[in-house]
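**Student:** I'll drop the sequence and a predicted model, then ask my questions.
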Amino acid sequence: MRLLRQLSRRKLRTTLTILGITIGIWALVVFSSMANKINSLVAGGSQYFEGKILVTDASNLAVGIGLTPMNIDVADQIRDLDGVAAAAPEVQMIFDPEANAFGGAQTIVGLVAGSDEGNETFELRPALGRLLTADDEGERRIVLGSDMARQQQAGIGDTIEMRGERFEVVGILEPTLTAPDTSVFVPLEASQVLFHKTLPAAVQEAIPARELISQVVVFPESGTDPAALAALIKERVDNTKTLTGAEFNEQVGSATAIFNAIIIGVAIISLVVGGLSVINTMAMSVAERTREIGIKRAIGGSRRRIVRELVTEAAVIGLIGGLIGLGLGALVVVLANEAGRDSGTILFDLTPGTAIFAVAFSTILGMLAGVIPAWSAARLDPVEALRYE
């Protein structure tokens with residue numbers, strides 16, 4: 001209570017200092033929550049691509065997803081190469097081509113259940129219903145990712161329309177915190193029909209739907225180097241390009257590193273702005289309380305006690321600013337996630353670690369910024385301080 005009374009003696013200055021720290025911590029919480037979400041997606045992608053190779057058409061521009069048509073014969077050519085345990089043909093396409101940039105992340109994935117021949121290590125589990133099976137080929141049945149099911153407000157047995165075709169929902173996946181959450185899984189044959197409709201009329205007339213895919217997921221045999229197998233595929237199969245798990249980590253990881261560098265920049269800015277504010281407030285406090293400090297020193301107060309009192313005041317300022325900044329940042333995160341939840345657009349992930357770090361950071365910042373004024377106060381000569389007007 002005594003600390004709060006001391007701070008309340010300088011209401012405006014203390015409020016402005018707390019406001020400076022609050023803004024910095026608010027920005028730190030919001031950007032860190034966004035980085036957490038991006039890092040979790042990248043980690044999920046790394047886990048998905050681990051130990052496998054994605055083969056797409058050479059003209060495909062997307063990273064980690066094939067959107068350009070290929071002939072299904074490519075899968076047979078790859079399957080015959082040495083070192084290949086399985087080659088699973090797939091179709092991927094944007095769920096809603098008219099959606100915004102974030103909604104565009106939602107995809108339709110067409111595959112043959114079991115085509116990985118037991119080599120897939122990224123396990124998908126149904127929260128409701130079941131997964132697709134080989135018996136679903138030729139049927140209009142789908143499995144929805146957790147975010148996609150929420151966005152479509154669909155349950156087991158419901159039907160949803162995709163590109164003019166209606167499909168029955170037979171399963172909803174458990175959350176994976178990565179791409180499958182925003183995907184619709186469709187039997188390959190049905191996805192080929194949908195994919196065929198997206199192509200120009202001349203291409204539709206020249207190529208039957210059953211011959212079209214957009215990527216091949218290759219599983220190397222045990223002991224086979226994925227990089228060497230990827231080079232062999234590009235050498236033996238015309239007009240293809242490959243993406244290994246290591247290449248995915250390198251390409252996507254570099255973008256993530258840039259974003260994380262932005263977070264560090266925000267932290268540094270909050271350090272400078274908040275620190276200077278605290279130093280200014282505590283320096284002015286020392287100037288105003290010079291006689292009071294002199295009296296404490298004259299009656300036997302130690303320098304350590306003076307330093308402890310002033311540093312504690314600075315820490316309280318940092319703590320209050322951190323708590324308010326955390327509260328405002330959490331409010332932004334919750335409102336933004338709720339606004340995007342219906343569309344499956346969850347941009348932020350505020351973890352307990354981020355919250356604890358933000359408050360601890362602001363408190364330690366206040367303490368460090370208060371050390372210089374506190375040490376200056378402790379070094380005051382008691383006699384000179386008593387004479388101060």
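**Tutor:** Here it is on my side, so go on. Numbering: from 1, shown residues only.
**Student:** in the stretch 151-300 of the chain, which ranges drop under the pLDDT threshold?
**Tutor:** Residue ranges of the stretch 151-300 of the chain with pLDDT under 70: 255, 267, 270-271, 274, 282-300.
**Student:** Mind jotting down where the strands sit in it?
**Tutor:** Ranges of strands in the stretch 151-300 of the chain, per DSSP state E, counting those that start in this stretch, are 159-162, 165-173, 183-187, 212-213, 215-220, 240-244.
**Student:** Can you give me the buried ones in the longest strand anywhere in the chain?
**Tutor:** The single longest strand within the chain, with elements called by DSSP state E, is strand 84-94. Across strand 84-94, burial judged by 16 or more other C-beta atoms under 10 Å covers 84-94. In short, each C-beta sits where N, CA and C put it, glycine included.
**Student:** now swap in stretch 195-202 and tell me
**Tutor:** For stretch 195-202, the neighbour count (16+ other C-beta under 10 Å) marks 195-196 as buried.
**Student:** Please compute how far stretch 325-341 lies from its chain's middle.
**Tutor:** 15 Å (C-alpha atoms, centre = their mean, to the nearest Å).
**Student:** And the contacts of that stretch?
**Tutor:** 21-30, 33, 102, 150, 346-348, 350, 355, 358-359, 362 (C-beta atoms under 8 Å, 6 or more residues apart in numbering).
**Student:** same thing but 7 Å
**Tutor:** Contact partners of stretch 325-341, identified using C-beta atoms under 7 Å, 6 or more residues apart in numbering, comprise 21-22, 24-26, 29-30, 33, 150, 346-348, 350, 355, 358-359, 362.
**Student:** likewise stretch 18-35?
**Tutor:** For stretch 18-35, using C-beta under 7 Å, 6+ apart, the contacting residues are 259-260, 262-263, 266-267, 269-270, 273-274, 277, 317-318, 320-322, 324-326, 328-330, 332-333, 347-350, 354, 358, 362.
**Student:** For those, which ChimeraX command selects only the ones that are buried?
**Tutor:** Of these, the buried ones can be selected in ChimeraX as follows, counting by 16+ other C-beta under 10 Å:
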select :260,263,266,267,270,274,277,317,318,320,321,322,324,325,326,328,329,330,333,348,349,350,354,358,362
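**Student:** In helices, which of the contacts of stretch 18-35 appear?
**Tutor:** Cross-referencing those against helices under DSSP state H gives 259-260, 262-263, 266-267, 269-270, 273-274, 277, 317-318, 320-322, 324-326, 328-330, 332-333, 354, 358, 362.
**Student:** To residue 71, which of the strands of the stretch 151-300 of the chain lies closest?
**Tutor:** Nearest to residue 71, of all these, is strand 212-213, at 7.3 Å by C-beta to C-beta.
**Student:** same for that closest one, what does it pack against?
**Tutor:** With contacts taken as 3 or more C-beta pairs under 7 Å, 6 or more residues apart in numbering; DSSP states H and E, strand 212-213 sits against strand 84-94, helix 188-197.
**Student:** a markdown table for those, including distance to residue 219?
**Tutor:** As requested, these are exported to a markdown table (distance: least, C-beta to C-beta, whole Å):
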| stretch | distance to residue 219 |
| --- | --- |
| strand 84-94 | 4 |
| helix 188-197 | 17 |
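**Student:** Those: which one's closest to residue 221?
**Tutor:** strand 84-94 (4.5 Å).
**Student:** what residues go with each domain of this structure?
**Tutor:** 2-42+252-387, 59-238 (automatic domain parsing).
**Student:** closest to residue 48 out of those?
**Tutor:** domain 59-238 (4.7 Å).
**Student:** follow-up on the earlier one: quick one: closest of the strands of the stretch 151-300 of the chain to residue 107.
**Tutor:** strand 183-187 (5.0 Å).
**Student:** Next, the buried residues of the closest one.
**Tutor:** Judged by neighbour count using 16+ other C-beta under 10 Å, the buried positions of strand 183-187 are 183-187.
**Student:** Can you tell me, leaving aside adjacent residues, what's nearest to residue 107?
**Tutor:** For residue 107, ignoring the flanking residues on the chain, the nearest one in space by C-beta to C-beta, 6 or more residues apart in numbering is residue 183 at 5.0 Å.
**Student:** from what I can see residue 78 touches residue 216, true?
**Tutor:** Yes: checked against C-beta atoms under 7 Å, the pair residue 78 and residue 216 is within contact range at 5.8 Å.
**Student:** got any residues that touch both of the two?
**Tutor:** In contact with both residue 78 and residue 216: 55, 87, using C-beta under 7 Å, 6+ apart.
**Student:** before we move on, the earlier item: and which of the buried residues of strand 183-187 is nearest residue 130?
**Tutor:** Among the buried residues of strand 183-187, residue 185 lies closest to residue 130 (C-beta to C-beta), at 11.4 Å.
**Student:** which non-adjacent residue is nearest that closest one?
**Tutor:** In space, residue 185 is closest to residue 143, 4.3 Å off (C-beta to C-beta, 6+ apart).
**Student:** one step back: can I get the buried residues of strand 183-187 in a markdown table with distance to residue 368?
**Tutor:** What follows is the buried residues of strand 183-187, written out as a markdown table (distance: C-beta to C-beta, whole Å):
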| residue | distance to residue 368 |
| --- | --- |
| 183 | 47 |
| 184 | 52 |
| 185 | 52 |
| 186 | 57 |
| 187 | 61 |
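**Student:** Can you say which two of those are spatially most distant?
**Tutor:** Using C-beta to C-beta, these span at most 14.0 Å, a distance reached by 183 and 187.
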